[in-house]
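Visitor: Predicted structure and sequence below. I'll ask about it afterward.
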Amino acid sequence: MADVLIIGDGPGGLSAALFLAKNDLDVTVFGQNKTLMHDAMLYNYLGIPQITGTEFQEISRKQVENFGAKILEVEVTEIETGGAEFSVTTAAGDKHQGKYLIVATGLEEALAATLGLSTDSDNDDAIVADREGKTTIENLYVIGWLTRGQRTQAIISAGEGAAAALSILSSEIGRDFHDFDVVKEDGDDE
Ligand SMILES: Cc1cc2nc3c(=O)[nH]c(=O)nc-3n(C[C@H](O)[C@H](O)[C@H](O)COP(=O)(O)OP(=O)(O)OC[C@H]3O[C@@H](n4cnc5c(N)ncnc54)[C@H](O)[C@@H]3O)c2cc1C
């Protein structure tokens, strides 16, 4: 069983995967590299003067895999909740279990709609989650475009992925957690 299953491989899902895998959780991401980021030319992602969405995704996927997360190029067709774990079924018919589930499927709402979560009629019927992506179902997080309606940006989804990851890491460790690294004295920042 994975520690965390993440459905969606855009900036939201990948950012969550990065923080979680970097901090040694067992993470599986589901996504077919079909994000609308491939249509974007980014000039508004702080710290990166310009980059195509496709380049951003390629770098991000490698960064996440280098920390040990698995990215499975498959669609998830069903989510089962209840009990101490989540189970997702893929289009290939495989089932995967995880203690936590993050749903970050962007504009594709159908799967999340099966979870019976509240939606916000003042915000394009986007799914309601708190600032950490927590929902009313324990250990279920919903982040990114799915919660944003028209008010989406790549950097917001990435930030929400990071916030959900810190929430999960804090729960696992039993105290508030942040992921800070520092430059070493010899100038090596590894
Ligand atoms: C034309 C265009 C230009 C844009 N330009 C900019 C820009 O300049 N700057 C900027 O900040 N933002 C831009 N955006 C917005 C940006 O693309 C979004 O903010 C960003 O993609 C949201 O990230 P996300 O991770 O929340 O969702 P997404 O990137 O939509 O990721 C969701 C992923 O989940 C996958 N998925 C969905 N359902 C399933 C399933 N059942 N199983 C497995 N995988 C699933 C999808 O295929 C997708 O890959 C642009 C968008 C468009 C359309």
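Guide: Structure received. Residues are numbered from 1 along each chain as shown.
Visitor: which bits of this structure sit near the ligand?
Guide: 7-13, 30-32, 34-37, 39-42, 44, 75-76, 104-108, 111, 144-145, 152-155, 157 (C-beta under 6 Å from any ligand atom). (C-beta placed from N, C-alpha, C; glycine too.)
Visitor: Return the subset of the residues you listed lying in strands.
Guide: If you go by DSSP state E, the residues of the chain next to the ligand have 7, 30, 41-42, 76 in strands.
Visitor: Restricted to buried residues, select the residues of the chain next to the ligand in ChimeraX.
Guide: Buried residues within the residues of the chain next to the ligand, by 16 or more other C-beta atoms under 10 Å, are selected in ChimeraX with:
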select :7,8,9,10,11,12,13,30,31,35,37,40,42,75,76,104,105,106,111,144,145,152,154,157
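Visitor: Please list the members of the residues of the chain next to the ligand that lie in helices.
Guide: Judged by DSSP state H, those include 11-13, 111, 154-155, 157 as members of helices.
Visitor: and those, which two are the farthest apart?
Guide: Farthest apart among these by C-beta to C-beta are Leu111 and Ile155. That separation is 24.3 Å.
Visitor: what number of residues lie near Ala84?
Guide: For Ala84, the neighbour count with other C-beta atoms under 10 Å is 9.
Visitor: Verify the stated contact: it with Lys99.
Guide: Yes - the pair Ala84 and Lys99 qualifies as a contact (C-beta atoms under 8 Å) at a distance of 7.3 Å.
Visitor: Closest one of the ones in strands among the residues of the chain next to the ligand to Glu172?
Guide: After measuring these against Glu172 - C-beta to C-beta - the closest member comes out as Ile7, at 19.8 Å.
Visitor: OK, contacts around the closest one?
Guide: 13, 30-31, 76, 79, 88, 101-105, 111 (C-beta atoms under 8 Å, 6 or more residues apart in numbering).
Visitor: Need the contact partners of the helix or strand containing Leu101.
Guide: Element membership for Leu101 (DSSP states H and E) is strand 95-103. Strand 95-103 is contacted from outside by 1-8, 13, 16, 28, 30, 79, 81, 84-90, 111-112, 115, 133, 139-143, 146, 161, 164, 168, using C-beta under 8 Å, 6+ apart.
Visitor: Buried members of these into PyMOL, please.
Guide: A single PyMOL command is used to select the members of the contacts of strand 95-103 judged buried by 16+ other C-beta under 10 Å:
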select buried, resi 2+3+4+5+6+7+8+13+16+28+30+79+85+86+87+88+90+111+112+115+133+139+140+141+142+143+146+161+164+168
